[in-house]
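Engineer: with the input below, show me the fold.
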Amino acid sequence: MMQTRFTRLVGCELPIQMAGMGGIAIPPLVVAVCRAGGLGMLAGTGSSPETMQRLLDDVRAGTDRPFGVNFLMPYLRETACVDAAAAVARVVEFFYGAPDAHLVERVHAAGALACWQVGSADEAQAAERTGCDLIVAQGVEAGGHIRGQIGLLTLLDQVLRRVRVPVIAAGGVGSGRAMATALAGGAAAVRVGTRFVAALESPAHPLYVEHLVEARAQDTEVTHAFDLGWPDAPHRVLRSSLDAARGVADDVIGADHDYFDPRRRSPIRRWQVLTPTVLTTGTIAAMPLWAGESVDFVTRRQSAADIVRELVDEAAQLLREHRMAGSAVVIQGGSLHDAAAAGMRVGRASHPAHPPDASSTVAVTRSAWCST
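Structural biologist: So this is what the prediction gives:
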């Protein structure tokens, strides 16, 4: 067990939050991450209230541990979905829109914690003013759609100086060293996305996972190209998917099948925003292959529990070494991926509201990681 402000508030065992990735963050993966001790996040984007309830029921049938639900603001059509999620989930999270006090109030009214993912210190401060209990600071290293324009370490430092609620570090976190860096710098937890795309419980299309395994951080690119359905929203994908999409002549490149009723299918157009899963057919390589700079650490398919264990084992060891050493450099600015890859030592944060509690007390209980 690794206790931080995040774990104490949310009620999970480890300071790891799974990213609520559209198409990927479905009940089996959410349940697997929760059972491993982290906070699984269900993708609520585009759901009707009826579909939302079915998804929530599937998660709750698989685990009684805390989980969360993520909503993308451009696709949030019915607030009844928020009400349904807040009645069951521990955390309800919003992304890609200005913090909204009315939504936060709805979440609190149903008894859940409200979280907002941000890309700047100003947006973080606005989220805290609306009453959010948690904030996700997303650096530009993240895969998929990105809100900010600077690296995680710089953003994390800026956000921690402006807010007092627990902050989750997101973007480029794919190794235990990156996790330790963020926690020692004052983050209350880390958010992991790309690693979980390759989890055995993930519905990602096998070809998508194969591309992730073969890729490195420098093979990703921030672009606006996949904008059909979500214009003017920068996103990070594998460069190979951009090259493949440019080489396709047809407008329709595949089909997507419904999660609850695979007999229902809808065409996929070139440059369309979606995630290729096992329910997707067609030219998979030309669809958006979302990937963060943490793709360096996707080397094979692993269970969600093994991914969590790998991250926590390495982070716990590094944080123990840091505590015994008694002194280390504090990394300021730059990329979290670069810092982790360079093997930099990390030091205590200088933010009074966000003490690096995980770096001073780390107690690992292995049996908790995979218990049901």
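Engineer: burial count for Gln158?
Structural biologist: For Gln158, the neighbour count with other C-beta atoms under 10 Å is 18. C-beta coordinates here come from the backbone N, C-alpha and C atoms, glycine included.
Engineer: which element is it on?
Structural biologist: Here Gln158 sits within helix 152-160, counting by DSSP states H and E.
Engineer: again with Arg60
Structural biologist: helix 49-62.
Engineer: which non-adjacent residue is nearest Leu207?
Structural biologist: Ile284 (4.5 Å; C-beta to C-beta, 6 or more residues apart in numbering).
Engineer: what is the helix holding Arg60 packed up against?
Structural biologist: helix 27-35, strand 40-43, helix 79-88 (3 or more C-beta pairs under 8 Å, 6 or more residues apart in numbering; DSSP states H and E).
Engineer: go with 10 Å
Structural biologist: Under the contact definition 3 or more C-beta pairs under 10 Å, 6 or more residues apart in numbering; DSSP states H and E, helix 49-62 sits against helix 27-35, strand 40-43, strand 67-72, helix 79-88.
Engineer: where in the stretch 1-150 of the chain is pLDDT low?
Structural biologist: Nowhere does the stretch 1-150 of the chain drop to pLDDT under 70.
Engineer: got a list of what Met73 touches?
Structural biologist: 45, 94-100, 103, 116-117 (C-beta atoms under 10 Å, 6 or more residues apart in numbering).
Engineer: so of those, which ones are in helices?
Structural biologist: Applying DSSP state H to the contacts of Met73, the entries found in helices are Leu103.
Engineer: adding distance to Thr130, write the contacts of Met73 out as a markdown table.
Structural biologist: As requested, these are exported to a markdown table (distance: C-beta to C-beta, whole Å):
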| residue | distance to Thr130 |
| --- | --- |
| Thr45 | 20 |
| Phe94 | 10 |
| Phe95 | 14 |
| Tyr96 | 15 |
| Gly97 | 12 |
| Ala98 | 9 |
| Pro99 | 4 |
| Asp100 | 7 |
| Leu103 | 8 |
| Trp116 | 8 |
| Gln117 | 13 |
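Engineer: tell me who's in contact with the residue nearest to Leu207.
Structural biologist: When contacts are counted by C-beta under 10 Å, 6+ apart, Ile284 is found next to 205-208, 210-211, 241, 244, 253-254, 268, 276-277.
Engineer: show the buried residues in the residues you listed.
Structural biologist: 205, 208, 211, 241, 244, 253-254, 268, 276-277 (16 or more other C-beta atoms under 10 Å).
Engineer: of those residues, closest to Glu321?
Structural biologist: When the buried ones among the contacts of Ile284 are ranked by distance to Glu321 (C-beta to C-beta), His211 comes first, at 34.8 Å.
Engineer: would you check that that closest one makes contact with Pro288?
Structural biologist: No - checked against C-beta atoms under 10 Å, the pair His211 and Pro288 is beyond contact range at 11.3 Å.
Engineer: joint contacts of those two?
Structural biologist: Residues touching both His211 and Pro288 by C-beta under 10 Å, 6+ apart: 238, 241, 276.
Engineer: the second one touches Leu274, doesn't it?
Structural biologist: When you say that, I think you mean Ser241. No - in this structure Ser241 lies outside contact range of Leu274 using C-beta under 10 Å: 11.8 Å.
Engineer: who touches both of these two?
Structural biologist: Going by C-beta under 10 Å, 6+ apart, residues that sit against Ser241 and also against Leu274 are 226, 287-288.
Engineer: top of those by neighbour count?
Structural biologist: Using other C-beta under 10 Å as the neighbour criterion, Met287 leads those with 29 neighbours.
Engineer: which one of the shared contacts of Ser241 and Leu274 is nearest Ala189?
Structural biologist: Pro288 (26.8 Å).
Engineer: leaving out sequence neighbours, find the closest residue to that closest one.
Structural biologist: In this structure, Pro288 finds its nearest non-sequential neighbour in Phe226, 4.2 Å apart by C-beta to C-beta, 6+ apart.
Engineer: thinking again about what came up before, name the helices or strands packed onto the helix holding Gln158?
Structural biologist: helix 121-129, strand 134-138, strand 167-170, helix 176-184, helix 336-341.
Engineer: buried stuff in the shortest one?
Structural biologist: Translated: strand 167-170. For strand 167-170, burial by neighbour count (16+ other C-beta under 10 Å) applies to 167-170.
Engineer: can I get these in a markdown table with distance to Gly40 and pLDDT?
Structural biologist: Below are the buried residues of strand 167-170 laid out as a markdown table (distance: C-beta to C-beta, whole Å; pLDDT from 0 to 100):
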| residue | distance to Gly40 | pLDDT |
| --- | --- | --- |
| Val167 | 20 | 98 |
| Ile168 | 14 | 98 |
| Ala169 | 18 | 98 |
| Ala170 | 15 | 98 |
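Engineer: that concludes my questions; thank you for your assistance.
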